[in-house]
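K.L.:
3D model of this:
(4 chains)
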Number of protein chains: 4
Amino acid sequence: MTVRVFVTGGTFDKEYDELTGQLFFRVTHVNEMLRRGRCGLEVDIETLMMVDSLEMTDAQRAAIVRACRECDEDHIVITHGTDTMVETARAIAEGVTGKTVVLTGAMVPYAFGSSDGLFNLGSAFSFVQSLPRGVYIAMNGRSFAWDDVRKNREAGVFERLEK
Amino acid sequence: MTVRVFVTGGTFDKEYDELTGQLFFRVTHVNEMLRRGRCGLEVDIETLMMVDSLEMTDAQRAAIVRACRECDEDHIVITHGTDTMVETARAIAEGVTGKTVVLTGAMVPYAFGSSDGLFNLGSAFSFVQSLPRGVYIAMNGRSFAWDDVRKNREAGVFERLEK
Amino acid sequence: MTVRVFVTGGTFDKEYDELTGQLFFRVTHVNEMLRRGRCGLEVDIETLMMVDSLEMTDAQRAAIVRACRECDEDHIVITHGTDTMVETARAIAEGVTGKTVVLTGAMVPYAFGSSDGLFNLGSAFSFVQSLPRGVYIAMNGRSFAWDDVRKNREAGVFERLEK
Amino acid sequence: MTVRVFVTGGTFDKEYDELTGQLFFRVTHVNEMLRRGRCGLEVDIETLMMVDSLEMTDAQRAAIVRACRECDEDHIVITHGTDTMVETARAIAEGVTGKTVVLTGAMVPYAFGSSDGLFNLGSAFSFVQSLPRGVYIAMNGRSFAWDDVRKNREAGVFERLEK
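P.N.:
I've put the predicted structure just below:
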């Protein structure tokens, strides 16, 4: 099984620009993270965009859906900012069938010592292999169906709707 | 769902003793790692032992099997040294039924910057929720059935038997 | 010898706020950093303010000068944002005599894995013990007299004026 | 001023071998550490040996003394295991004159997240520029003359003899 990874940016991949003191995107850390996790799966990583998910446009979201639909692989992991991850999951669910798609991200950039990114990536890669076809979010050590999840912005965690 | 975690030691939890220059065990890092992963599951962590898996005795292995059998939870994650992880998985498979048990570990101690431990823990927690009943090893981003896995000591990775 | 440390903020102490995605100040990391450096000196740490040095007011700068003048210790380390470190050094030089004062900071927050902060702190603590009375900046492994230094913003390094 | 660095091994440069579970030497981390510290000095780094200082032979110690004497630079930093750092300092003091030589090391390998190595390296580089000619040990944020220092093995710190 080859897992397809689409990188879209998000906190996950933010870095610190020491000249400006701002956070910014350079290149994704996913390759380095999978090496560190000694990941033994065949993986094909493609960076679709590098954006804050709050600034993701409809056209960009449509591009993600199209990439999921048109790629050969049936198992897809998407790294994504957490703020609109649920919205993108819904768009994919409406536009893609017959595949297992897992979106994940991070609350703290991987480049920070205290990031949750590596835990979440291990989680997403495991759910994408073991869950039935459908669209899911993997955060906080759990999987959420795309239509039963929201980000609780006050607590900084994802939770089921019926909570 | 509550996930039961049994800690048994292994590279995962090794630390550096600055007075002797040796690696040693103090307490498990699993709690800290789950906090860092912002894990939202109910988790009950118990340290059964802190040993190098090469030095694990039959009595200790039997204690792990007994702990899996007697605990209330049906979803169990075990942190374990990689060298005899397969052997313990087999013992559990022979002694425990009706539960999903996932063993994981690390090639590099969590206390080292470059550890795979956080990735593996995220992976194990995800597989334990999504795989059918049975005994598995979660390493290298993959899950292995207890009777179809070996550690390739030269490469430092786990692989299927039929490979 | 007791070294007095005045904390004023700067990149050094920035942290990542996972709810807002912004960098912010909480408490200083200097204590933790000195523990990690197994620093054997007597140290007295006081947080005067926690500000970006670009936003430091004249009143705040005057408060730093006053703190240096009025404290009992003759050896003072100040953690400070790099952008106006030279300006504060000048103010101290004009207002304080008979003491060795060393300002230092970081280009990358200590909370990031790749921070220069620990190196710079080790450097500042060493220069404050070994340089004659006067006001200095310790950055990039070097010491600079307060009146012979500028921050090269394009390169992100400190350099002598006559360079 | 060019600072000459002689690497001799020690805890500083220990790494974790994930196949054997042992600590070992590969190559020095000093270059990477100076890059991280954005060190602006001219530095010439030479690895003389990579040994545990408890296993350093008389011939190796003599080679260090010779290297200090014969190099062109007057400012020398030596990375060294802590256990016999004092013994090597004495050998250098007896064999080298007219230079400032600072030995440093670490209680925890740089490859561990919690290492004191970066702090100590910043310290050593600062003392070597600011102390008068002589042979010193830079540890615990302090400098010690070669003939007034011992390693307190129980506490894991360096201290003056008259303490």
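K.L.:
excluding chain neighbours, give the residue nearest to A:Met1 in space.
P.N.:
A:His75 (6.0 Å; CB to CB, 6 or more residues apart in numbering or on different chains). No exception for glycine: its C-beta is placed from N, CA and C like everyone else's.
K.L.:
what do you get for A:Leu19?
P.N.:
C:Gly156 (5.1 Å).
K.L.:
the one you found: what's it in contact with?
P.N.:
C:Gly156 makes contacts with A:Glu18, A:Leu19, C:Met107, D:Arg38, as judged by CB atoms under 8 Å, 6 or more residues apart in numbering or on different chains.
K.L.:
show me the residues you listed that map onto strands.
P.N.:
Members of the contacts of C:Gly156 lying in strands (criterion: DSSP state E): none.
K.L.:
out of these, which is most surrounded?
P.N.:
C:Met107 (23 neighbours; other CB atoms under 10 Å in any protein chain shown).
K.L.:
what bridges to the residue sitting nearest the centre point of chain A?
P.N.:
Geometric centre of chain A, nearest residue: A:Thr79, 2.3 Å, by CA atoms, centre = their mean. Note on A:Thr79: beta-bridge partners A:Val7, A:Thr104, judged by DSSP bridges.
K.L.:
hmm, it is touching A:Asn31, no?
P.N.:
No. At 11.6 Å, A:Thr79 does not count as touching A:Asn31 under the criterion of CB atoms under 8 Å.
K.L.:
so which residues on chain A come close to chain C?
P.N.:
Contact residues (CB under 8 Å from any CB of the partner chain) of chain A with chain C: A:11, A:16, A:18-19, A:21, A:23, A:52, A:107-109, A:111-114, A:153-154, A:156.
K.L.:
for the residue nearest to the centre of chain A, what are its contacts?
P.N.:
Listed by CB under 8 Å, 6+ apart, the contact partners of A:Thr79 are A:5-10, A:12-13, A:28, A:30, A:103-105, A:121.
K.L.:
and it, what's its pLDDT?
P.N.:
A:Thr79 is assigned a predicted lDDT (pLDDT) of 98.
K.L.:
what of A:Gly113?
P.N.:
The model's pLDDT for A:Gly113 equals 82.
K.L.:
the residue located most distally from the centre of chain A: what's it in contact with?
P.N.:
Most distant from the centre of chain A: A:Leu19, at 28.4 Å, with distances by CA atoms, centre = their mean. By CB under 8 Å, 6+ apart, the residues touching A:Leu19 are C:Arg153, C:Glu154, C:Gly156.
K.L.:
what of A:Ala89?
P.N.:
Neighbouring residues of A:Ala89 by CB under 8 Å, 6+ apart: A:Val101, A:Leu103, A:Val135, A:Tyr136, A:Ile137, A:Trp146, A:Val149.
K.L.:
how about it: what's its closest non-neighbour residue?
P.N.:
Nearest residue to A:Ala89, sequence neighbours excluded (CB to CB, 6+ apart): A:Trp146, at 3.9 Å.
K.L.:
how much space between the one you found and A:Val102?
P.N.:
Distance of A:Trp146 to A:Val102, given as CB to CB, to the nearest Å: 10 Å.
K.L.:
what do those two both touch?
P.N.:
When contacts are counted by CB under 8 Å, 6+ apart, A:Trp146 and A:Val102 have A:Tyr136, A:Ile137 as shared neighbours.
K.L.:
between those two, tell me which one has more neighbours.
P.N.:
Set side by side, A:Trp146 and A:Val102 show more neighbours around A:Val102, with 25 against 21, by other CB under 10 Å.
K.L.:
helix or strand for that one, which one?
P.N.:
strand A:100-104 (DSSP states H and E).
K.L.:
repeat that for A:Val135.
P.N.:
In the assignment (DSSP H and E), A:Val135 maps to strand A:134-139.
K.L.:
relative to chain A, which of the contacts of A:Leu19 is nearest.
P.N.:
Nearest to chain A out of the contacts of A:Leu19 is C:Gly156 (CB to the nearest CB; 5.1 Å).
K.L.:
who's in contact with the residue in chain A that chain D sits nearest to?
P.N.:
Proximity of chain A to chain D (CB to the nearest CB) peaks at A:Gly113, 7.1 Å away. Neighbouring residues of A:Gly113 by CB under 8 Å, 6+ apart: C:Ala111, C:Phe112, C:Gly113, D:Gly113.
K.L.:
measure it to C:Ala124 for me?
P.N.:
22 Å.
K.L.:
buried sites along the longest strand belonging to chain A?
P.N.:
Identified as the longest strand of chain A according to DSSP E is strand A:42-51. Under the neighbour-count criterion of 16 or more other CB atoms under 10 Å in any protein chain shown, strand A:42-51 has A:Val43, A:Thr47, A:Leu48, A:Met50, A:Val51 buried.
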